[in-house]
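Asker: Fold the following for me, if possible:
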Amino acid sequence: YDGKCVFCRIARREEPGTALLPCEDEDLVCFRDIKPGAPHHYLVVPVKHMGNCKTLKTEHIPLVKRMMEVGKAVLQRNNFSDLNDVRMGFHWPPFCSIAHLHLHVLAPASQLGFLSRIYYRINSYWFIT
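Answerer: Numbering: from 1, shown residues only. Predicted coordinates:
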């Protein structure tokens with residue numbers, strides 16, 4: 001736990017302004033992005049403090065898969081069922097504003113605005129899917 005990390009504080013429910021969405025995985029939390037790039041824009045975050053996506057290793061593959069499953073489940077609970085129109089990914093350092101691993105879940109990807117299409121561009125130098 002890093003008390004200076006806003007995502008650590010959110011995960012421990014220490015940020016009353018951020019509502020956590022239901023999540024079946026006790027090691028993860030999910031909440032709405034404060035600057036949504038799509039009608040549905042959620043962040044899936046490990047409760048345990050982890051560095052950004054650059055710190056991921058092979059042993060983290062199950063964690064990333066669980067993060068993606070949580071993202072899909074949250075979309076479905078919020079009445080979004082076209083899982084072919086979803087974009088999920090991580091901002092690559094130095095383009096991530098918070099140094100705590102977080103997966104962006106955006107839908108429908110077909111409705112991303114002009115700037116969001118750039119900011120969340122598939123497998124760009126700054127966003128990896």
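Asker: Can you tell me how far Pro62 is from Tyr42?
Answerer: Here the criterion is Cβ to Cβ, to the nearest Å. By it, Pro62 lies 20 Å from Tyr42. All C-beta spots, glycine's among them, are computed from the backbone N, C-alpha and C.
Asker: Could you check which of these two is surrounded by more residues?
Answerer: Under the criterion of other Cβ atoms under 10 Å, the comparison of Pro62 against Tyr42 puts Tyr42 first, with 24 against 8.
Asker: can you give me the strands in the chain?
Answerer: 28-32, 40-46, 87-91, 103-107, 127-128 (DSSP state E).
Asker: pLDDT of the last one, averaged?
Answerer: In this case it means strand 127-128. Here strand 127-128 scores 94 as its mean pLDDT.
Asker: And for stretch 77-91?
Answerer: Confidence over stretch 77-91 (mean pLDDT, whole number) is 96.
Asker: State which helix of this protein is the longest.
Answerer: helix 61-77 (DSSP state H).
Asker: so where's this structure uncertain?
Answerer: Applying pLDDT under 70 to the chain flags no residue at all.
Asker: Need the strands of the chain in TSV (columns: distance to Pro16).
Answerer: Formatted as TSV, those follow (distance: least, Cβ to Cβ, whole Å):
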stretch	distance to Pro16
strand 28-32	12
strand 40-46	17
strand 87-91	26
strand 103-107	23
strand 127-128	30
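Asker: And the ones you listed: which comes nearest Gly71?
Answerer: Closest approach to Gly71 among the strands of the chain is made by strand 103-107 (3.6 Å; Cβ to Cβ).
Asker: list the helices and strands the closest one packs on?
Answerer: Counting contacts by 3 or more Cβ pairs under 8 Å, 6 or more residues apart in numbering; DSSP states H and E, strand 103-107 packs against strand 40-46, helix 61-77, strand 87-91.
Asker: cutoff 10 Å now
Answerer: Judged by 3 or more Cβ pairs under 10 Å, 6 or more residues apart in numbering; DSSP states H and E, the packing partners of strand 103-107 are strand 28-32, strand 40-46, helix 61-77, strand 87-91, helix 114-119.
Asker: Need the winner for burial among the ones you listed.
Answerer: Highest mean neighbour count among those (mean count of other Cβ atoms under 10 Å): strand 40-46, with a mean of 23.
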